[in-house]
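Peer 1: prediction below, plus the sequence it came from.
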Amino acid sequence: MSPQSRISLQQACNQALDEAMAADESVILLGEDIGDREGGGTFKVTSGLSTKYGTSRVRTTPISEQAIVGSAVGAAIAGLRPVAEIMLMNFVTVAMDQLVNHAAKLRFMSGGQTHVPLTVRTATGAGGGFGGQHSDMLEAWLAHVPGLTVVVPSSPAEAKGLLLSCVFDDDPCVFVENNQMYWDKGPAPEPGLRIPLRKAHVARAGTDVSVITYGRPVGQVLALAEQLAGDGISVEVVDLRTVSPLDSRTVLESVAKTRRAVIVHEAVGQFGVGAEVSARIGEELGGELHSPVIRVTSANTPVPFSPTLEKAYLYQIGDVETAIRKVAS
Amino acid sequence: MTDEAGLLGIYRTAVRINRADEKLRGLLTSGELAVSYYSPRGQEVVAAGMMSRLRAEDYLVTTYRGIHDQIAKGIPLEPLFAELFGRVDGTCKGKGGPMHVTQPETGVMVTTGVVGSGLPIAVGLGLAAQVRGQDRVTVVCFGDGASNIGAFHEALNMAALWRLPVVFLCQNNRYAESTRYSDGTTVERIAQRAASYGIPGVTVDGNNAGEMAEAASQAVARARAGEGPTLLEAMTYRFMGHYFGDAGAYMDADEFVAAQAADPVPALRKELLRAGISTEEELTALENEEQAAVDSAAAFAKASALPGVDELRRDVYREEVVA
């Protein structure tokens, strides 16, 4: 595949898994409906892989989230690199014991004797009319747990590079795929490209305002930044890539330069990633800011069903523009 | 049947567990040790019998009431005691404590403080062995109470579906924390639940060393041969309540007296003498050796240093946590 070609986020994740399985036979996949006989996954991210690598390494599981994540933890401490698919992020709540009490802590509690090279892939996102139990961004739940690495990619190329890094990382990673972005295409990365974990990325350099974001809003914020450049506002866009552990240094270096920060995420605002980022900015740079930090997030409500409500629930890119203009003024 | 050397080996392990537990309770009573402790007293022979059928490389997953399982699987007493004391020479550098004892070199992969959580992890250990074509067996220990949590059912179903080399050892000590078996469970035997997954379910007198070892042998052989999991229910009894200091007011007094009269460790001793496997002198010597090892381990643990605070930021991730 030439670097100039374009791929969707769904294809990017499929290619990352394919490359990982080809490179290392300790990589196995577990999840509901992931085999080709079952359709290659609800979002077809694992399409073709059971045919290519066999049903010993690509295992369709029963609907058993505790056992999917728990068995992946066990296989990981035995030295495999399991990638567990939890169909939707709301179902991760069913497996929280295994993630929070076991995956995140076994390295620490064993004094480093065991570790958990596990990746949990999960899909979510509002805007598809799936209602309150199939759409939540719950990354803050996981980001609160030391030992977990929580990654939210912002484009197909980012997804491929970050997912490969998750699979080959020696600690448990949760990789959040926004299912509203699955079919959007972007430039394909070089084959084998891995993007470092736990490191944020300055996606666009600027001098007036730092927008710190991750996941779906990144592309929208980059487009907005281009538009605002025409109005003489220079926006720096920091894509966190890894939500936790948070790369404070990159965030603080950006804000130390611009002295103005807007934080944007799809998850609800209360007790969210934006609150943590804002606190770190306040603690380190509070006295140097030209303007208070503004968060633009989705509403503090469940995700509603009716399209008018769902649209109102989601973070508004117009609010991001207003926030940038406000802090820049 | 279990041969003479097998029974004597089980007795030695049971004595080691028994003396270690007695020592730890003494240290708790004297205040020299201050930890949450869940005594396995009364369940010694279950663990000794089960683990006597395993190889060193076989895996074990157990729970907070687990030192009998850990000792029987082969963790040496010195690092085990040091871990309970939170010392740097502990199995986990003092970072796990009594509820999270781990030692991969003896196959002790996880000790969990969450009831029932070990079962799915054991499924994964079995899965890894199967994917790699190894004949390694995983044993997961849990109590009767754990069979009422959802993870039990998910794990047994998945292990049965994939014919994984896992022995699910339910140590039925009749109480789920303070709740009697019959107040939390409607089936007469936990082993009956195996029928739901199409796997063998076997109930055995876990306090009878010969019966326990024989049932363990069959379950391990089945797993090692790739024929799939077994739900093995070992009937036993918990002499010291749920936690150290538990007065056990909820326990049935007659049942308690009867269980103590049938104490499995002296019962096995009597059997070794009756069958002419050992002499009184041999057993006394064995018991003295184990007592000395326990005393030495306690002294080792007490003399071991506490970990430095720099350990706090290590082992959270592969790279040390900076802030």
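Peer 2: Received it, and whenever you're ready, just let me know what you need.

Peer 1: so which residues of the stretch 51-200 of chain B form helices?
Peer 2: Taking DSSP state H, counting those that start in this stretch as the criterion, the stretch 51-200 of chain B contains helices spanning B:67-73, B:77-84, B:118-132, B:150-161.

Peer 1: now do the SS call for the spatially closest residue to A:Gly192 that is not a sequence neighbour.
Peer 2: Among residues not flanking A:Gly192 along the chain, A:Glu19 sits closest, at 6.5 Å (Cβ to Cβ, 6 or more residues apart in numbering or on different chains). No exception for glycine: its C-beta is placed from N, CA and C like everyone else's. When classified by DSSP: H, G, I helix; E, B strand; the rest coil, A:Glu19 comes out as helix.

Peer 1: pull out the buried residues from the helix or strand where B:Leu283 lies.
Peer 2: In this structure, B:Leu283 sits in helix B:280-303 according to DSSP states H and E. Buried positions in helix B:280-303, judged by neighbour count with 16 or more other Cβ atoms under 10 Å in any protein chain shown: B:Leu283, B:Leu286, B:Glu287, B:Glu290, B:Gln291, B:Ala293, B:Val294, B:Ala297, B:Ala298, B:Phe300, B:Ala301.

Peer 1: now, which of the residues you listed sits nearest A:Gly129?
Peer 2: Nearest to A:Gly129 out of these is B:Ala301 (Cβ to Cβ; 60.3 Å).

Peer 1: contacts only, for the residue lying closest to the closest one once chain neighbours are set aside.
Peer 2: Excluding the flanking residues, the one nearest B:Ala301 by Cβ to Cβ, 6+ apart is B:Phe81, at 3.8 Å. For B:Phe81, the contacting residues are B:Ala20, B:Leu24, B:Ala297, B:Ala298, B:Phe300, B:Ala301, by Cβ atoms under 8 Å, 6 or more residues apart in numbering or on different chains.

Peer 1: any chance of those residues in JSON lines, with pLDDT and distance to B:Gly198 too?
Peer 2: Output for these, formatted as JSON lines (pLDDT from 0 to 100; distance: Cβ to Cβ, whole Å):
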{"residue": "B:Ala20", "pLDDT": "98", "distance to B:Gly198": "39"}
{"residue": "B:Leu24", "pLDDT": "98", "distance to B:Gly198": "41"}
{"residue": "B:Ala297", "pLDDT": "98", "distance to B:Gly198": "44"}
{"residue": "B:Ala298", "pLDDT": "98", "distance to B:Gly198": "47"}
{"residue": "B:Phe300", "pLDDT": "98", "distance to B:Gly198": "48"}
{"residue": "B:Ala301", "pLDDT": "98", "distance to B:Gly198": "46"}
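
Peer 1: just put these in a markdown table and tack on distance to A:Leu240.
Peer 2: Formatted as a markdown table, those follow (distance: Cβ to Cβ, whole Å):
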| residue | distance to A:Leu240 |
| --- | --- |
| B:Ala20 | 49 |
| B:Leu24 | 47 |
| B:Ala297 | 48 |
| B:Ala298 | 50 |
| B:Phe300 | 47 |
| B:Ala301 | 44 |
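
Peer 1: ok, which of the helices of the stretch 51-200 of chain B comes nearest A:Gln15?
Peer 2: helix B:118-132 (22.8 Å).

Peer 1: and that closest one, what's buried?
Peer 2: Residues of helix B:118-132 classed as buried: B:118-131 (neighbour count, 16+ other Cβ under 10 Å).

Peer 1: got CSV for those, with distance to chain A and pLDDT too?
Peer 2: Supplementary listing: these in CSV, determined by distance: Cβ to the nearest Cβ, whole Å; pLDDT from 0 to 100:
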residue, distance to chain A, pLDDT
B:Gly118, 9, 98
B:Leu119, 7, 98
B:Pro120, 2, 98
B:Ile121, 4, 98
B:Ala122, 6, 98
B:Val123, 4, 98
B:Gly124, 2, 98
B:Leu125, 4, 98
B:Gly126, 8, 98
B:Leu127, 5, 98
B:Ala128, 3, 98
B:Ala129, 7, 98
B:Gln130, 8, 98
B:Val131, 6, 98
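
Peer 1: from those residues, which two are the most distant?
Peer 2: Greatest spacing in the buried residues of helix B:118-132, by Cβ to Cβ: B:Gly118 and B:Val131 (20.0 Å).

Peer 1: redo the helices of the stretch 51-200 of chain B as a markdown table? Include distance to A:Val243.
Peer 2: Listed next are the helices of the stretch 51-200 of chain B as a markdown table, based on distance: least, Cβ to Cβ, whole Å:
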| stretch | distance to A:Val243 |
| --- | --- |
| helix B:67-73 | 37 |
| helix B:77-84 | 34 |
| helix B:118-132 | 26 |
| helix B:150-161 | 28 |
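
Peer 1: these: which one's closest to A:Cys173?
Peer 2: Of the helices of the stretch 51-200 of chain B, nearest to A:Cys173 by Cβ to Cβ is helix B:118-132, at 16.6 Å.

Peer 1: what is the orientation angle of the closest one with helix B:150-161?
Peer 2: Counting by axes from the mean of the first three to the mean of the last three Cα atoms, to 10 degrees, helix B:118-132 lies at 20 degrees to helix B:150-161.

Peer 1: what distance separates helix B:118-132 from the middle of the whole chain?
Peer 2: Offset of helix B:118-132 from its chain centre (Cα atoms, centre = their mean, to the nearest Å): 18 Å.

Peer 1: who does it touch, helix- and strand-wise?
Peer 2: Here helix B:118-132 touches helix A:65-77, strand B:59-63, strand B:108-112, strand B:138-143, helix B:150-161, strand B:166-172, going by 3 or more Cβ pairs under 8 Å, 6 or more residues apart in numbering or on different chains; DSSP states H and E.
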